[in-house]
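S.K.: no sequence on this one, just coordinates:
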């Protein structure tokens with residue numbers, strides 16, 4: 001019997017009628033003879049509502065209690081889905097993250113999984129039942145407290161369980177048909193990809209593509225879990241995420257991603273001395289601030305500016321760390337620019353095709369888009385631009401590389 005892990009996001013279980021449709025799909029998998037594990041997110045909007053209530057109560061709620069509150073959304077979903085399956089004659093049992101054996105570190109809000117002990121789930125499956133797991137949560141090995149895995153954490157829950165159980169596939173159900181060459185809401189002719197490599201998906205997710213959480217892709221790559229991203233509103237094949245050799249397409253470029261959730265921090269007039277940059281970023285790391293792009297200007301008269309991008313929600317925490325440190329090391333002010341966005345071009349084929357970056361920059365120039373920062377890897381070129389120009393930048397780059405549906409026969413993807 002195949003083991004199948006299915007994950008349903010908040011839009012897929014957004015109301016009672018959608019929950020019933022999910023139950024129908026799970027029943028179909030169960031009747032096909034699969035041992036089925038289902039991971040559910042909170043019903044659409046629930047987490048935001050809970051955050052809103054917490055903010056109305058406290059300007060700075062204790063992180064432990066916030067995690068305890070937020071995990072209730074997924075518990076509601078898992079219990080309702082188990083009831084819907086029982087109504088259809090399918091035996092199902094629901095489990096919290098801790099009951100499912102998801103062991104994390106002690107960091108509240110964005111805990112990392114350190115171990116998986118899914119014995120209770122395997123026992124449930126062996127009894128012929130469907131196992132339903134609340135996504136986004138686990139339990140700290142050290143403190144025994146409930147923890148959450150961060151936004152999109154249900155993806156990571158599902159892939160981690162698939163790895164621990166040796167599942168044949170991890171199906172990530174969402175409200176889109178798969179992974180596209182760009183956000184279809186911005187680019188009307190964006191094309192669905194049949195397959196994408198782990199490495200490309202990691203870059204796309206890290207650069208803002210919201211289909212999969214970055215850590216879920218990392219987990220999949222590290223443990224060899226094949227991921228199928230597909231819509232919960234149809235039975236069409238979606239996008240397969242797996243090893244590079246599994247790719248059907250052999251395109252230079254896979255897609256364009258964008259992100260408007262970051263801010264740019266600049267520490268001005270930093271003394272150009274050995275170890276100063278290390279001090280700055282070590283302090284940010286100690287404060288659990290996620291740093292993305294980093295640019296250091298050429299030193300002039302013994303000083304330089306250092307800029308980096310961080311999640312907008314972590315700006316206050318970052319400035320609280322950097323401002324006193326800047327004074328301590330003799331640097332200037334810390335400047336915050338929240339009116340920025342990131343646009344990235346991703347494709348494994350660019351490793352062996354020169355001129356990709358030049359073509360991208362030319363397209364942006366022709367569209368009148370000014371580049372503030374640049375970062376590259378072997379399969380990605382990212383730029384920071386004004387937030388107001390992000391959509392124009394995405395469309396310009398997508399068009400420049402002929403990624404749309406009408407160009408599919410040319411092999412662009």
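M.R.: Sure thing, it's come through. The shown structure was predicted, so the numbers you read here are calculated from the model rather than taken from an experiment.
S.K.: after the longest helix belonging to the chain, next one along is what?
M.R.: Longest helix of the chain, by residue count under DSSP state H: helix 63-87. As assigned by DSSP states H and E, the chain's next helix or strand after helix 63-87 is strand 92-95.
S.K.: show me the strands paired with that next one, marking each as parallel or antiparallel.
M.R.: When pairing is defined by DSSP bridges, strand 92-95 lines up against strand 130-134 (parallel).
S.K.: which residues sit against the partner strand?
M.R.: If you take CB atoms under 8 Å, 6 or more residues apart in numbering as the criterion, strand 130-134 is touched by 26, 30, 36-40, 71, 74-75, 77-78, 81-82, 85, 90-97, 100, 121, 124-125, 157, 161. All C-beta spots, glycine's among them, are computed from the backbone N, C-alpha and C.
S.K.: next one: stretch 223-237
M.R.: By CB under 8 Å, 6+ apart, the residues outside stretch 223-237 that reach it are 8-9, 11-12, 18, 21-22, 25, 159, 162-163, 167-179, 194, 211-212, 216-217, 219-220, 238-243, 246.
S.K.: from these, which would you call buried?
M.R.: Among the contacts of stretch 223-237, the ones that count as buried by 16 or more other CB atoms under 10 Å are 8-9, 11-12, 18, 22, 25, 159, 162-163, 167, 169-174, 176-179, 211-212, 216-217, 219-220, 238-242.
S.K.: please flag which of those sit within strands.
M.R.: Under the assignment DSSP state E, the buried ones among the contacts of stretch 223-237 contribute 8, 169-174, 239-242 to strands.
S.K.: got the residues you listed as a markdown table, with pLDDT and distance to residue 343 columns?
M.R.: Listed next are these as a markdown table, based on pLDDT from 0 to 100; distance: CB to CB, whole Å:
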| residue | pLDDT | distance to residue 343 |
| --- | --- | --- |
| 8 | 97 | 30 |
| 169 | 96 | 32 |
| 170 | 98 | 29 |
| 171 | 98 | 30 |
| 172 | 97 | 24 |
| 173 | 96 | 28 |
| 174 | 91 | 22 |
| 239 | 96 | 21 |
| 240 | 96 | 25 |
| 241 | 96 | 22 |
| 242 | 93 | 26 |
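S.K.: flag the shaky bits of the stretch 301-413 of the chain, pLDDT-wise.
M.R.: 406-413 (pLDDT under 70).
S.K.: now do the helices in it.
M.R.: With DSSP state H, counting those that start in this stretch as the criterion, the stretch 301-413 of the chain has helices at 315-329, 356-366, 390-400.
S.K.: return the most buried member of the ones you listed.
M.R.: Comparing these by mean neighbour count (mean count of other CB atoms under 10 Å), helix 390-400 ranks first with a mean of 22.
S.K.: now do that helix: distance to the chain's middle.
M.R.: Distance, stretch centre to chain centre, for helix 390-400: 22 Å (CA atoms, centre = their mean, to the nearest Å).
S.K.: quick one, it and helix 356-366 angle?
M.R.: 130 degrees (axes from the mean of the first three to the mean of the last three CA atoms, to 10 degrees).
S.K.: any residues touching helix 390-400, and which ones?
M.R.: 181-183, 186-187, 190, 256, 258, 260, 341-343, 345, 359-360, 362-364, 366-369, 383, 385, 404.
S.K.: strands - which of those land there?
M.R.: Per DSSP E, these map to strands at 256, 258, 341-343, 345, 383, 385.
S.K.: pick out the most distant pair among those.
M.R.: Within the ones in strands among the contacts of helix 390-400, two members stand farthest from each other by CB to CB: 341 and 345, at 14.3 Å.
S.K.: between the two, who's got more neighbours?
M.R.: In this view residue 341 and residue 345 are compared by other CB atoms under 10 Å, and residue 345 has more residues nearby, 30 against 22.
S.K.: beta partners for the more buried one?
M.R.: residue 256, residue 381.
S.K.: kindly report the same for residue 37.
M.R.: Beta-bridge partners, per DSSP bridges, of residue 37: residue 5, residue 131.
S.K.: low-confidence bits of the stretch 51-200 of the chain, can you list those?
M.R.: Checking the stretch 51-200 of the chain against pLDDT under 70 turns up nothing.
S.K.: farthest residue from the center of the protein?
M.R.: Among residues of the chain, the one most distant from the C-alpha centroid is residue 301; the distance is 41.4 Å, by CA atoms, centre = their mean.
S.K.: gap between the residue nearest to residue 312 when sequence neighbours are not counted and residue 370?
M.R.: With CB to CB, 6 or more residues apart in numbering as the criterion, residue 312 has its nearest non-adjacent residue at 4.7 Å, and that residue is residue 263. Residue 263 sits 17 Å away from residue 370, going by CB to CB, to the nearest Å.
S.K.: again with residue 294
M.R.: Distance from residue 294 to residue 370, by CB to CB: 20 Å.
S.K.: in the longest helix of the chain, what's buried?
M.R.: Quick answer for helix 63-87 (16+ other CB under 10 Å): 64, 66-71, 73-75, 77-78, 80-82, 84-85.
S.K.: over to stretch 338-348?
M.R.: Neighbour-count burial for stretch 338-348, counted by 16+ other CB under 10 Å, picks out 340-348.
S.K.: dump the ones in strands among the contacts of helix 390-400 into TSV; add distance to residue 107 as well.
M.R.: Formatted as TSV, these follow (distance: CB to CB, whole Å):
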residue	distance to residue 107
256	32
258	28
341	28
342	25
343	30
345	32
383	31
385	32
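S.K.: specify which member of these is nearest to residue 114.
M.R.: For the ones in strands among the contacts of helix 390-400, the closest approach to residue 114 (CB to CB) belongs to residue 342, at 30.0 Å.
S.K.: isn't that closest one up against residue 382?
M.R.: Yes - judged on CB atoms under 8 Å, residue 342 makes contact with residue 382 at a distance of 5.9 Å.
S.K.: what sits in contact with each of these two?
M.R.: By CB under 8 Å, 6+ apart, residue 342 and residue 382 have these common neighbours: 207, 293.
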